[in-house]
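1. no FASTA, just this:
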């Protein structure tokens with residue numbers, strides 16, 4: 001009804017003729033068809049007058065009738081005969097030649113249908129016999145505006161479940177199938193496929209699968225109109241969700257592959273945007289084997305817009321691989337993360353948990369955990385052994401040592417430490433400095449001599465032997481070798497076009513895929529060796545992990561021949577690695593063997609291997625980690641880092657805390673990004689990431705970043721502040737105590753006008769009180785609360801008064817009566833005797849809130865606060881006396897303590913009320929007289945008005 005002035009702004013005279021003298025934009029309650037009730041000179045009944053105007057030659061009259069049909073049905077629904085007459089008028093009006101009349105009529109169909117649904121016992125078939133045919137007919141109307149109105153009405157009716165299943169199958173679906181036929185008009189076909197896609201989620205799975213799915217598959221391959229294919233691609237996820245997993249994998253996935261390789265880039269972009277929805281509907285096998293390679297092809301697309309959409313969907317797509325059993329977390333119905341009890345304990349922030357048959361590697365800059373499978377349950381042992389190896393001959397140790405030479409068979413836990421030393425010696429670590437060595441072996445002159453020149457002839461013989469052995473072991477993962485060779489061919493063909501930024505982006509993607517294929521072959525080789533040695537206690541060194549691929553060995557050999565680094569260069573590359581076994585360190589007295597290692601061959605290879613995991617396909621993770629590369633911002637999207645930060649908690653949840661090492665460097669890079677929007681995104685989600693990682697990883701990796709956010713811009717700090725309580729409660733008490741002093745820094749903002757920042761601080765402090773003991777609250781949080789109570793903005797002051805009351809409740813709930821009394825005395829001095837009336841008014845509100853919340857014993861209140869409160873009756877400012885009158889009448893005197901006969905404090909309160917009732921200010925006397933039961937107003941509103 002509010003839209004009438006848009007049509008008839010200049011027709012007020014006509015409205016007056018029909019009784020619209022008082023009608024206007026602000027008079028929504030006015031019935032549009034009120035003129036039907038006005039007796040006129042025609043002496044017609046209202047029903048006859050309705051029919052007269054419904055078929056008048058004046059278009060305006062017909063529009064008014066169409067727009068007021070709902071009121072007409074309400075007026076004439078009491079009589080069935082009249083109702084059927086009105087329904088016939090509607091049917092005739094639907095055939096009006098004027099498109100605006102038909103549009104007005106169609107817009108009223110949904111509310112009329114809802115009205116008839118409520119009146120269905122009286123008129124059971126009215127909608128299905130009269131109105132439903134109109135909706136179906138308007139889907140093929142010649143006027144575009146009428147068709148749009150009919151389509152919107154159809155969707156509303158389906159959403160409200162007002163159309164029966166038989167009408168859907170016999171009336172709606174056939175007409176949509178005819179409109180979307182190959183020989184149909186292009187405009188009708190585009191509209192029909194749009195309706196099919198939107199209504200799929202509202203229909204039953206059987207109806208969609210048997211009636212609409214075949215046509216949808218045909219439309220996905222429509223070669224005439226790319227608009228049709230684009231609509232199909234944009235809504236592909238909804239269709240998959242409507243038909244379920246079996247039909248998706250059998251019929252829709254092949255069509256999805258076609259759309260992802262469409263020649264029009266808009267189609268490929270739409271597919272990238274809905275990739276997550278499609279992935280959710282498929283099985284884990286299809287997701288990993290089919291959809292993952294398909295997504296990699298979209299990321300390496302030649303069109304920048306497709307790559308941009310693919311990278312934005314990369315994080316959500318990775319999240320579809322999440323498995324609550326492996327991540328140790330699950331999402332509740334309210335959307336919050338909850339920890340699922342796990343049988344394995346994560347030892348430290350840099351410990352990598354592996355299965356009993358897999359050895360997990362870390363980078364050369366992080367500790368590495370290798371868990372050999374014990375021979376028996378009783379003989380399982382874990383010894384934390386630090387190896388700092390000065391690797392002089394890494395060519396022979398990393399590429400030319402057979403995998404079986406470094407395995408020590410141990411049966412007793414005490415032999416593990418000695419076995420590690422033996423392993424080191426057998427693998428080309430001549431200068432081993434061990435705590436278990438005798439004093440005369442601690443000094444070795446070999447450590448202070450230059451690296452010896454390698455014997456090239458022996459290396460070549462061993463390399464040839466190793467290559468032959470590796471070929472025998474790589475018979476199973478030959479698919480990776482084939483994939484690697486194909487990728488190399490593509491890279492070679494792109495070398496001639498390296499000047500094109502798009503080609504450069506493709507080369508980066510294919511290079512990452514090549515590395516991933518090599519890593520997969522590494523993992524297959526290691527798994528095979530572990531399965532062969534199952535049931536035996538083993539210790540492995542880095543040399544077994546790197547001596548796998550032909551290309552790697554060849555590159556290392558060429559480096560050893562062409563470049564012999566000096567000892568200073570070798571020492572600069574030295575790093576530390578850690579090997580861990582599977583039993584507890586306490587059982588063996590924490591025996592450690594430190595060895596210094598100098599690595600000089602292929603450190604980037606080791607760095608990449610630390611990112612290996614088995615939760616998601618490795619190429620997907622490699623592409624996600626590359627989103628922080630500055631080159632991506634130039635070739636893909638300037639805000640790609642923000643998309644990476646936005647989806648990082650979902651990716652971390654998918655990988656689980658045991659694979660946090662894969663994301664740690666990326667998270668630190670994002671946390672130091674120059675764009676404050678990226679840091680702000682991380683700040684808003686750091687509390688969720690803390691839940692995912694657990695207390696140990698949070699303390700080690702997130703707390704330093706959290707501390708940096710505390711000193712960042714206000715736009716970043718607000719993200720930390722909004723979830724400050726959620727983050728602090730996850731920390732240990734000692735670590736949490738360190739933030740007490742830093743909380744005061746939130747009071748100071750870059751812009752003093754940013755009062756919402758201080759408001760949020762007060763709200764968070766109310767929650768944070770439970771995390772600290774009364775002494776800590778008194779020493780640190782009390783000062784912040786009092787400062788906020790004196791804020792220039794009233795909203796901040798009102799929420800701060802609640803914070804003060806919560807602090808008092810904290811003191812008395814923990815029997816810290818002395819602290820509570822000191823705080824009360826400070827409140828009296830600071831607010832009751834404040835020179836500004838705002839402070840004295842705040843004192844009255846605090847006292848009222850203390851009584852309402854019952855946060856302290858009433859004896860303490862009447863002794864320490866009541867006398868100061870009653871003394872405000874003589875305050876010269878009426879606003880102070882108004883709040884005093886409300887506190888006494890609405891709160892204090894309603895408590896049972898003050899209603900008891902003979903209460904000595906009741907007489908003083910009543911005398912004050914009598915004095916306020918005779919106050920010269922009308923507002924004061926009004927609230928002093930007003931009973932609580934008569935006060936039907938919101939207390940908070942009244943307080944703010946004063």
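-> On my side now, so go ahead. All of these numbers come straight from a predicted model, not from anything done at the bench.
2. buried ones in stretch 118-138?
-> For stretch 118-138, a neighbour-count test (16 or more other Cβ atoms under 10 Å) marks 119, 123, 126, 127, 128, 130, 131, 132, 134, 135, 136, 138 as buried. For glycine as for every other residue, the C-beta is placed from the backbone atoms N, C-alpha and C.
3. so of the residues you listed, which ones are in strands?
-> Residues of the buried residues of stretch 118-138 located in strands (DSSP state E): none.
4. among these, which one sits closest to residue 827?
-> Nearest to residue 827 among the buried residues of stretch 118-138 is residue 119, at 62.1 Å by Cβ to Cβ.
5. list the contacts for that closest one?
-> Counting by Cβ atoms under 8 Å, 6 or more residues apart in numbering, residue 119 touches residue 77.
6. from residue 83, how far out is it?
-> Remark: distance between residue 119 and residue 83 (Cβ to Cβ, to the nearest Å) = 9 Å.
7. any residues in contact with both of the two?
-> Taking Cβ under 8 Å, 6+ apart as the criterion, residue 119 and residue 83 both touch residue 77.
8. residue 88: neighbour count?
-> Look at residue 88: counted by other Cβ atoms under 10 Å, it has 12 neighbours.
9. in which helix or strand would I find it?
-> Taking DSSP states H and E as the definition, one finds residue 88 inside helix 80-93.
10. what comes up buried for that helix?
-> Buried residues in helix 80-93, counting neighbours by 16+ other Cβ under 10 Å, are found at 82, 83, 85, 86, 87, 89, 90, 93.
11. which members of the residues you listed are the farthest-apart pair?
-> Maximum pairwise distance in those, criterion Cβ to Cβ, is 16.2 Å, between 82 and 93.
12. low pLDDT regions in the stretch 351-500 of the chain?
-> 351-484, 486, 490, 493-494, 496-497, 499-500 (pLDDT under 70).
13. what's the answer for the stretch 651-800 of the chain, then?
-> For the stretch 651-800 of the chain, no range has pLDDT under 70.
14. now the helices for it?
-> 661-671, 676-697, 703-710, 714-722, 724-728, 733-737, 755-768, 774-776, 782-789, 794-813 (DSSP state H, counting those that start in this stretch).
15. quick one: closest of the ones you listed to residue 309.
-> Per Cβ to Cβ, nearest to residue 309 of the helices of the stretch 651-800 of the chain: helix 676-697, 18.8 Å.
16. output the contacting helices and strands for that closest one.
-> Applying 3 or more Cβ pairs under 8 Å, 6 or more residues apart in numbering; DSSP states H and E, we find helix 676-697 packed against strand 337-339, helix 640-655, helix 661-671, helix 703-710, helix 714-722, helix 724-728.
17. please redo it, this time with the cut-off set to 10 Å
-> strand 329-331, strand 337-339, helix 640-655, helix 661-671, helix 703-710, helix 714-722, helix 724-728 (3 or more Cβ pairs under 10 Å, 6 or more residues apart in numbering; DSSP states H and E).
18. in which helix or strand does residue 876 reside?
-> Following DSSP H and E, there is no helix or strand that holds residue 876.
19. what's the answer for the one 5 residues further on, then?
-> Here residue 881 sits within helix 878-886, counting by DSSP H and E.
20. that helix packs against which elements?
-> Secondary elements touching helix 878-886 (3+ Cβ pairs under 10 Å, 6+ apart): helix 837-853, helix 904-917, helix 922-929, helix 939-945.
21. now do the buried residues in stretch 216-229.
-> 216, 217, 219, 220, 222, 227, 228, 229.
22. likewise stretch 285-303?
-> For stretch 285-303, burial by neighbour count (16+ other Cβ under 10 Å) applies to 286, 287, 290, 291, 292, 294, 295, 296, 298, 299, 300, 301.
23. narrow the residues you listed to those in helices?
-> In this view, these that belong to helices under DSSP state H are 286, 292, 294, 295, 296, 298, 299.
24. any idea which of those residues is closest to residue 247?
-> For those, the nearest to residue 247 is residue 286 (12.8 Å; Cβ to Cβ).
25. so the closest one makes contact with residue 253?
-> Yes. Because the distance of 6.8 Å satisfies Cβ atoms under 10 Å, residue 286 is recorded as touching residue 253.
26. for the host helix or strand of residue 229, packing partners?
-> Assigning secondary structure by DSSP H and E places residue 229 in helix 226-234. The contact analysis (3+ Cβ pairs under 10 Å, 6+ apart) places helix 226-234 against helix 186-199, helix 213-220, helix 253-260, helix 265-273.
27. who are the packing partners of the following helix or strand past the longest one?
-> Using DSSP H and E, the helix or strand that follows helix 186-199 in sequence is helix 205-207. The contact analysis (3+ Cβ pairs under 10 Å, 6+ apart) places helix 205-207 against helix 236-243.
28. which helices and strands does the helix it packs on pack with?
-> helix 186-199, helix 205-207, helix 213-220, helix 253-260, helix 265-273, helix 275-281.
29. which residues sit against the third one?
-> Helix 213-220 is touched from outside by 173, 176-177, 180-182, 189-190, 192-193, 196-197, 200, 205, 207-208, 225, 228-229, 231-233, 235-236, 239, 242-243, 247-248, 251-252, 254-256, 258-259, 262, 267, with contacts defined as Cβ atoms under 10 Å, 6 or more residues apart in numbering.
30. kindly report the same for the shortest one.
-> The set of residues that contact helix 205-207 without belonging to it, under Cβ under 10 Å, 6+ apart, is 165, 168-169, 172-173, 199-200, 213, 241-244, 247.
31. out of these, who's nearest residue 766?
-> Closest to residue 766, out of all of those and judged by Cβ to Cβ, is residue 241, at 41.5 Å.
32. what sits closest to that closest one if chain neighbours are left out?
-> Once flanking residues are discounted, residue 241 sits nearest to residue 281: 5.7 Å by Cβ to Cβ, 6 or more residues apart in numbering.
33. check which residues of stretch 143-163 are buried.
-> Quick answer for stretch 143-163 (16+ other Cβ under 10 Å): 146, 147, 149, 150, 151, 153, 154, 157, 158, 162, 163.
34. do the same with stretch 615-635
-> Within stretch 615-635, the residues that count as buried by 16+ other Cβ under 10 Å are 615-628, 632, 635.
35. turn the helices and strands packed on helix 878-886 into CSV, columns for distance to residue 889.
-> As requested, the helices and strands packed on helix 878-886 are arranged in CSV below (distance: least, Cβ to Cβ, whole Å):
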stretch, distance to residue 889
helix 837-853, 10
helix 904-917, 6
helix 922-929, 6
helix 939-945, 12
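36. those helices: which one's closest to residue 319?
-> Using Cβ to Cβ as the measure, helix 939-945 is the one of the helices and strands packed on helix 878-886 that comes nearest residue 319, at 41.4 Å.
37. need the helices and strands packed on helix 878-886 in TSV with distance to residue 797, mean pLDDT and mean neighbour count, can you?
-> Listed next are those as TSV, based on distance: least, Cβ to Cβ, whole Å; pLDDT from 0 to 100; neighbours: other Cβ atoms under 10 Å:
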stretch	distance to residue 797	mean pLDDT	mean neighbour count
helix 837-853	7	91	22
helix 904-917	24	84	16
helix 922-929	21	89	18
helix 939-945	10	47	12
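38. surely residue 162 touches residue 117?
-> Yes. Using Cβ under 10 Å, residue 162 is in contact with residue 117, at 5.9 Å.
39. which neighbours do those two share?
-> Residues touching both residue 162 and residue 117 (Cβ under 10 Å, 6+ apart): residue 127.
40. if we can go back for a sec, and the buried residues of helix 80-93, which is closest to residue 762?
-> residue 90 (58.3 Å).
41. measure the nearest residue to residue 781 once chain neighbours are set aside to residue 730 for me?
-> Distance criterion Cβ to Cβ, 6+ apart; nearest residue to residue 781, sequence neighbours excluded, is residue 765 at 6.1 Å. Distance, residue 765 to residue 730, using Cβ to Cβ: 18 Å.
42. so these two - more neighbours on which side?
-> Applying other Cβ under 10 Å to residue 765 and residue 730 shows that residue 765 carries more neighbours, namely 23 against 18.
43. quick check: that one vs residue 89, distance?
-> Distance from residue 765 to residue 89, by Cβ to Cβ: 66 Å.
44. narrow the buried residues of stretch 143-163 to those in strands?
-> The strands, defined by DSSP E, take in nothing from the buried residues of stretch 143-163.
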